[in-house]
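Peer 1: what's the 3D shape of this:
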Amino acid sequence: MSTVPPGRKFASGVQRITSSALGPYQSAVIRIGFSATYLLFLLRELPHRHEMYGPDAPWRWDMAKQLISGNESLSVLMWSDSTAWFEIVYAVVLLSAALLMVGWHTRAMSVLFMVGVLSLQNRSIFLGDGGDNVVHLMAIYLVLTRCGQVWSLDARRAARARRTESGAEAESEQEQEQEPGAGGARPASNVAGTILWLVLGLVLVVATARDGLGGTWWLPTLFWVLWIGHGVWWAVNRYAPQSEPRTLLDVLANLAHNATLVVIMAEVCLIYATAGWYKIQGSRWQDGTALYYPLKLEYFTPWPALSDLLASNAVMVMVLTYGTVIVQVAFPFTLFNRRVKNVLLVAMMCEHVGIALLLGLPFFSMAMIAADSVFLPTVFLVWLGGRVTLGRQLLFSRTGRVPEQQRGGEEEEEEVPQHSGSGGHTLVG
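Peer 2: As a prediction, the model looks like this:
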């Protein structure tokens, strides 16, 4: 029985984490989930936006400015106290969340989304809950991921560019046979991306000059590194797509993506582990009655009849109370057993659906389900994407329209094939 030398295993692992961005479907679900969560939250609070984050907020602008100057956090709402500026910022955050959800220029939109989330949350820091903290962290992490590889307009545009490039190469080969020395065609330019990069660069220059990027040194540095890096990426991809610098940029991007994906998984495990172990220390969780009390609070009972029905069943209350603790404490220990991990993952998602329905916390539940999605199996996500595509085809066929990708073939999801090293499974499926 032959064994693989440790050195070869190490080399294979290094090759895998540098040559590809792992978990493309999981990172896409995280992108869609968190941007959709915050988009829906902002739309729901649209009538109350002035009282929450704007000029009519109880936590006044001057009070927020004083707090932010002390903790050195970022909020572009502190650049001006005018109502017009607040409306512009709120609209930009809404737009960036929507565009990030559909994956339009994902790198730039992820940065705008992060700035928007931090700006609104830091403006009225006492309004947040656990779900807002998760969105806060994930908005930062998304900036460092390649979350637009699949299920995005970027992926569709890249597939279209590859088809165009392959066609141009075929024509170029025919021309070279007739006219030796003729060169191949360059990739098509991206006017929208170039304009977006220039506009964001101008905003970054003004913000840096006005010292409006927070009091820390690392945040302005991060913004400048991202902006310059995007410019270098475009230039290399445009003029030297097959060069060593292009390979180096891919390696750096893959390393950042894979490291961030590990951090996201560790973050989810930490959330559940700390929540579970803190619950164990509480007497109400120990005697199995903890769930009963929030079901009797008017603020957490959007459906009083349903809450009363559940609260009246002592056995069900005890089972759900103990089950919540068991699932949260056990989940981090099941990551290397795929079957058990998937079972507990379904249980936790069902738990959050119950929290959204019974306790009236839909956005907290959406945020946690989106975070849990990092552990969903790739096979399931591919199957789910296929079902969504099939449903979209049926919808368009009934309305008499044909989706663009159907006219050009089924290549939309072919740009990121799943590789699995020696044939095993990773934590993300």
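Peer 1: pLDDT wise, what is residue 128 at?
Peer 2: The model reports residue 128 with a pLDDT of 83.
Peer 1: again, but for residue 417
Peer 2: On the pLDDT scale, residue 417 gets 45.
Peer 1: Kindly report the same for the one 5 residues further on.
Peer 2: The predicted structure scores residue 422 at 38 on the pLDDT scale.
Peer 1: same question, residue 169
Peer 2: 61.
Peer 1: do the one 3 residues further on as well
Peer 2: According to the model's per-residue confidence, residue 172 sits at a pLDDT of 59.
Peer 1: quick one: low-confidence parts of the protein?
Peer 2: Applying pLDDT under 70 to the chain flags the ranges 1-4, 167-189, 399-429.
Peer 1: For the stretch 251-400 of the chain, which segments are assigned as helices?
Peer 2: According to DSSP state H, counting those that start in this stretch, the stretch 251-400 of the chain carries its helices in the segments 283-286, 304-311, 314-330, 338-358, 362-372, 378-399.
Peer 1: send the alpha carbons of the fifth one over as PDB?
Peer 2: Extracted in PDB, the C-alpha atoms of helix 362-372 (Å, rounded to 0.1, in the frame of the first residue of the first chain):
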ATOM      1  CA  PRO A 362     -36.300  38.500  10.800                       C
ATOM      2  CA  PHE A 363     -33.100  40.400  10.000                       C
ATOM      3  CA  PHE A 364     -31.100  38.800  12.800                       C
ATOM      4  CA  SER A 365     -32.200  35.400  11.500                       C
ATOM      5  CA  MET A 366     -31.400  36.200   7.900                       C
ATOM      6  CA  ALA A 367     -27.900  37.400   8.900                       C
ATOM      7  CA  MET A 368     -27.200  34.200  10.900                       C
ATOM      8  CA  ILE A 369     -28.600  31.900   8.100                       C
ATOM      9  CA  ALA A 370     -26.300  33.800   5.700                       C
ATOM     10  CA  ALA A 371     -23.400  33.200   8.000                       C
ATOM     11  CA  ASP A 372     -24.200  29.500   8.400                       C
END
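Peer 1: so who does the nearest residue to residue 32 once chain neighbours are set aside touch?
Peer 2: Nearest non-adjacent residue to residue 32, counting by Cβ to Cβ, 6 or more residues apart in numbering: residue 101, 5.5 Å away. Heads up, the C-betas are built off the backbone N, CA and C, glycines and all. Residue 101 is in contact with 31, 32, 35, 36, 39, counting by Cβ atoms under 8 Å, 6 or more residues apart in numbering.
Peer 1: on that earlier part again, tell me which of the helices of the stretch 251-400 of the chain is the most buried.
Peer 2: helix 362-372 (a mean of 22; mean count of other Cβ atoms under 10 Å).
Peer 1: Give the other helices and strands that that one contacts.
Peer 2: The contact analysis (3 or more Cβ pairs under 8 Å, 6 or more residues apart in numbering; DSSP states H and E) places helix 362-372 against helix 24-44, helix 130-143, helix 244-280, helix 338-358.
Peer 1: how distant is the third one from the center of its chain?
Peer 2: Taking the mean C-alpha point of helix 244-280 and that of its whole chain, the gap between them comes to 12 Å (Cα atoms, centre = their mean, to the nearest Å).
Peer 1: ditto for the first one
Peer 2: Using Cα atoms, centre = their mean, we find the averaged C-alpha position of helix 24-44 to lie 6 Å away from the chain's own average C-alpha position.
Peer 1: repeat for the shortest one
Peer 2: Using Cα atoms, centre = their mean, the mean C-alpha position of helix 130-143 is found 9 Å from that of the whole chain.
Peer 1: what's in contact with that helix?
Peer 2: With Cβ under 8 Å, 6+ apart, helix 130-143 has contacts from 30-31, 34, 37-38, 100, 110-111, 113-114, 117-118, 121, 128, 226, 260, 263-264, 267, 271, 361, 363-368, 370-371.
Peer 1: let's go with 7 Å and repeat that
Peer 2: 30-31, 34, 37-38, 110-111, 113-114, 117, 121, 260, 263-264, 267, 363-364, 367-368, 371 (Cβ atoms under 7 Å, 6 or more residues apart in numbering).
Peer 1: One more: the first one?
Peer 2: The contact list for helix 24-44, computed with Cβ under 7 Å, 6+ apart, reads 93-94, 97-98, 100-101, 113, 117, 135, 138-139, 142, 145-147, 149-152, 261, 264, 363, 366-367, 369-370, 373-374, 376, 378, 381-382, 416, 428.
Peer 1: after that helix comes which helix or strand?
Peer 2: On the C-terminal side of helix 24-44, the closest following helix or strand by DSSP states H and E is helix 49-52.
Peer 1: List the buried residues in that next one.
Peer 2: 49, 52 (16 or more other Cβ atoms under 10 Å).
Peer 1: swap in stretch 195-206?
Peer 2: Buried residues in stretch 195-206 (16+ other Cβ under 10 Å): 196, 197, 200, 203, 204.
Peer 1: Need phi/psi at the first one.
Peer 2: Torsion angles at residue 196 (phi, psi; degrees, to the nearest 10) stand at phi -60, psi -40.
Peer 1: ok, it to residue 36 distance?
Peer 2: 22 Å (Cβ to Cβ, to the nearest Å).
Peer 1: try the last one
Peer 2: From residue 204 over to residue 36 the distance is 27 Å, taken as Cβ to Cβ.
Peer 1: Give me the contact list for stretch 299-310.
Peer 2: Under Cβ under 7 Å, 6+ apart, the answer for stretch 299-310 is 294, 295, 316, 317, 358, 359, 360.
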